[in-house]
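Q: test case, fold it:
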Amino acid sequence: MKQAYAWTLLIAAILAMAGCASRAPTIAHVHIGHAMTGWYETPNKEGLFVLAEKKAGESLKYAQAAADGSRDLKRIKTNIARAGMLCDGEAMGNEPKAQYGVKQALAGAVSHITYAATSLDATANTRAFADGFATNAAGVMDRCDLITALSSDIGGTESVEEAGLLAPEIEKLAHANLHGEDLDGDGIVGSYANEYGLAQLRRDIESMIAREDPPYTTVNKWYLFNLIRLPDGSWIFRKRQTTSQDDPYGGGGGGGGGGGY
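A: Just a heads-up that it's a prediction; the model follows:
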């Protein structure tokens, strides 16, 4: 009898967990998921902020290669052009389907954190976070603009000396984009907005997520890719027409949104 009762409790617990797993997330949490987990327009459908981190790391690698003291002007130009494109794909003439540089990916993450904060079901914690996140992200995007300008200067010069002077400046900016910088010399990176890099932005996002109540959990792919924006600005999930929650294009096809974010 006791054993049967124990099995009954176990089955009830499993069913309860299954019910929780299938419950739709809040609209706010889906937008956070677009920043941190997945977005249908990114090359590998990774989260927008995650893509910004990836591009910033690659940009720094090429900037370091350009600033290694080489006297080969063609090599410097090639590496700097790549570093610049990874920072700002659109400004460097990137292909439309691969338009994301650090700047575009981070701007997208800022947009979705803002969408999260302005959703009707957003917590006070998310609302309080969004403005500061946008302010602190602005410094990274400003550095991307500087990298683009300096990359253009190197691309147009025929002087290896000039290229050799500018390349370390780009390396410094690319390093700050990823790791931040201590501009005021107080020993703390991230004392104010202009010191922020992606490392400090990630720290803040993770702290915000840890404070969420009800807790944030990783958003299922179906919900990530099937949130659509209506003409009146409200958000709804596309009508589900599949039993698979892991089908990113379930519910009637097409990449997450009928033209909406």
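Q: distance of E53 from R143?
A: Remark: distance between E53 and R143 (CB to CB, to the nearest Å) = 14 Å. Quick note: C-beta positions are derived from backbone N, CA and C, even for glycine.
Q: give the contact list for A128.
A: Applying CB atoms under 8 Å, 6 or more residues apart in numbering to A128 gives no contacts.
Q: again, but for the one 10 residues further on
A: For A138, the contacting residues are A193, by CB under 8 Å, 6+ apart.
Q: and the next helix or strand past the helix or strand harbouring it?
A: With elements delineated by DSSP states H and E, A138 resides in helix 124-156, which encompasses its position. Scanning forward in sequence from helix 124-156, with DSSP H and E defining helices and strands, the next element found is helix 160-179.
Q: can you point out the buried residues in the helix holding A138?
A: 125-126, 129-130, 133-134, 136-141, 143-144, 147-148, 150-151, 154 (16 or more other CB atoms under 10 Å).
Q: next, the angle from it to helix 160-179.
A: If you take axes from the mean of the first three to the mean of the last three CA atoms, to 10 degrees, helix 124-156 sits at 170 degrees to helix 160-179.
Q: run the chain-centre distance for helix 124-156.
A: Counting by CA atoms, centre = their mean, to the nearest Å, helix 124-156 is centred 12 Å from the centre of its parent chain.
Q: isn't there a strand covering I236?
A: Yes: with DSSP: H, G, I helix; E, B strand; the rest coil as the criterion, I236 is located in a strand.
Q: now stretch 189-202, how far from the chain's geometric center?
A: Once both centres are worked out by CA atoms, centre = their mean, stretch 189-202 turns out to sit 15 Å from its chain's centre.
Q: what's the separation between G101 and A109?
A: 13 Å.
Q: and the helices in this protein?
A: With helices called from DSSP state H, the chain shows them at 2-22, 27-36, 48-66, 73-87, 102-118, 124-156, 160-179, 198-211, 221-224.
Q: Throw these into TSV and include distance to P231 and mean pLDDT, thanks.
A: Supplementary listing: the helices of the chain in TSV, determined by distance: least, CB to CB, whole Å; pLDDT from 0 to 100:
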stretch	distance to P231	mean pLDDT
helix 2-22	29	42
helix 27-36	16	97
helix 48-66	24	97
helix 73-87	35	96
helix 102-118	16	97
helix 124-156	23	97
helix 160-179	37	97
helix 198-211	30	98
helix 221-224	21	93
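Q: which one of the ones you listed has the most crowded surroundings?
A: Among these, ranked by average contacts under mean count of other CB atoms under 10 Å, first place goes to helix 27-36 (a mean of 25).
Q: what lies in contact with that one?
A: The contact list for helix 27-36, computed with CB under 8 Å, 6+ apart, reads 25, 47-50, 108-109, 112-113, 115-117, 119-123, 126, 205, 209, 212, 216-219, 223-224, 227, 235, 261.
Q: now that helix against helix 102-118, angle please.
A: Orientation of helix 27-36 against helix 102-118 (the same axes, to 10 degrees) gives an angle of 170 degrees.
Q: could I have helix 27-36 exported to PDB, CA atoms only?
A: Extracted C-alpha coordinates of helix 27-36, given in PDB (Å, rounded to 0.1, in the frame of the first residue of the first chain):
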ATOM      1  CA  ILE A  27       6.600  38.000 -23.100                       C
ATOM      2  CA  ALA A  28       9.400  39.800 -21.200                       C
ATOM      3  CA  HIS A  29      11.300  36.600 -20.700                       C
ATOM      4  CA  VAL A  30      11.100  35.700 -24.300                       C
ATOM      5  CA  HIS A  31      12.700  39.100 -25.200                       C
ATOM      6  CA  ILE A  32      15.500  38.400 -22.700                       C
ATOM      7  CA  GLY A  33      15.800  35.000 -24.400                       C
ATOM      8  CA  HIS A  34      16.300  36.800 -27.800                       C
ATOM      9  CA  ALA A  35      19.300  38.600 -26.300                       C
ATOM     10  CA  MET A  36      20.800  35.600 -24.500                       C
END
